[in-house]
Each structure stands twice: as C-alpha cells, then as structure tokens.
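Chemist: My questions are about this predicted structure, shown below with the sequence.
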Amino acid sequence: MPGETIENPVTGERVTWIETAHSTGGELLAADIFVRPAAAVGLEHRHARQEERFAVRSGTAGFELAGEERTVGQGDEVTIPIGVAHRWWNAGQDELRVRMELRPALDTETFFETFFGLARDGKTSAKAKGVPGLLQNAVLFRDLGDSCPQLVKPPPGVLRAVFGVLAPVGRLAGRRAVYPEYSPRHQSLAR
C-alpha cells in the first residue's frame, strides 16, 4: 500500500512504497529504497518481464550491468532493460536513497514483503546476505514466477528444474510464497 514502509534488518534495506500494482492498475511498482552503508543488497539477477529504473535521490550507488561496473550519484538515473543481468549496492559512506520503478508491477511487492518478513523473523541467513533457505526460495520463485528477480547463476533452466522438484517439498514443509502476516491484503493467496 502506498506510504507503507518495510525493513530488512539483515540486508540493511528499508522500502517505502510510493505506487503499487493496486494503485496503478498493474502498470508500475515504485518505491523509495534506503540502503545503509556496507549493506548487503541483492545478488546478480535479471527481470524476465520488467524494466527497472533507479533515480538516485541521495548518496552514491554502484551498479553492475551486463558485467560493467559504474558509480552514480544524486540526480543520476539508471534504466535496466528487460532481461539484462545486474546488481546494485550502496557505494558510499552515507545512507543511499534511490527511487526504484518496475514496469509492469506484476506481484513484486509481495516478493519484497515475503523476503523482508522472513528476514525480520530470523528465517534468512546473514551469511548468505539475507537469502532464505533453498526450500523457501523454491516455493517463492515457483509460485510468484516472473514477479521475482531471476538469479543469473545457476542458469535459468537449471533453477527451474531444481525449484520444480523442491517447491512441492517446500510446500509440504510449510513454506509459502505469500504469508498473511507479511502481505495481509493477499490473505486469499496465502497457500
């Protein structure tokens, strides 16, 4: 919901929703993301159906796009086309604030809510930069599909095969893609 803030204490990120799939009819997900210095932000990934745009509001951001690194500062923008491998991080000594936009929105808001909620509840690994366990990831990526950032390694075909086998095991073990306590507006989707 616009104006709502969620926090990931493991990665050092805070997200405030500006626009959501619901508020834009599915066209846009926009958020202000605040990242502490030396925070652990996402692994290299790509978006199968979304263009991602970052506008640096304050601080310094580092980006790696298709193997090339660069640093950008306040007032700079970076647009990442659909399917391009990338990662980003706080490259400065102060808190980084970026406006992130994803088009279309898909259900990426739910992905963030689940990921951050699991971290708040101690269900992610600090050693693995706040990533949930393999069974949780399998369920999350199988059920939310293109709404999730797609990891670059291992290759997508390998991930689909592994997650295809592990997702049913994860569901039997009680893992879900949507948890009512993290995404209350999706209670009907909590499986």
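Modeler: Now that the structure is in, tell me what you want to look at.
Chemist: tell me the average confidence for the longest helix seen in the chain?
Modeler: Counting by DSSP state H, the longest helix found in the chain is helix 156-172. The predicted model gives helix 156-172 an average pLDDT of 91.
Chemist: next one: stretch 105-117
Modeler: On average, stretch 105-117 scores 93.
Chemist: what's in contact with it?
Modeler: Under the contact criterion Cβ atoms under 8 Å, 6 or more residues apart in numbering, stretch 105-117 has outside partners 6-8, 13, 15, 17, 19-21, 24, 26-29, 31, 49-50, 102, 124, 130, 132, 140, 144, 146-149, 176-179, 181-183, 186, 189. The C-beta positions use only the backbone N, C-alpha and C, and glycine is treated the same way.
Chemist: Give me the subset of the residues you listed that lies in helices.
Modeler: Per DSSP H, these map to helices at 140, 144.
Chemist: What strand or helix carries the spatially most central residue of the chain?
Modeler: When Cα atoms, centre = their mean is applied to the chain, the residue found nearest the centroid is residue 112 (5.1 Å). For residue 112, the host element (DSSP states H and E) is helix 108-120.
Chemist: Which of the contacts of stretch 105-117 are buried, as a ChimeraX select command?
Modeler: The buried residues among the contacts of stretch 105-117 can be selected in ChimeraX (16 or more other Cβ atoms under 10 Å) with this line:
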select :6,8,13,15,17,19,20,21,24,28,29,31,50,102,124,130,132,140,144,147,148,149,176,177,178,179,182,183,186,189
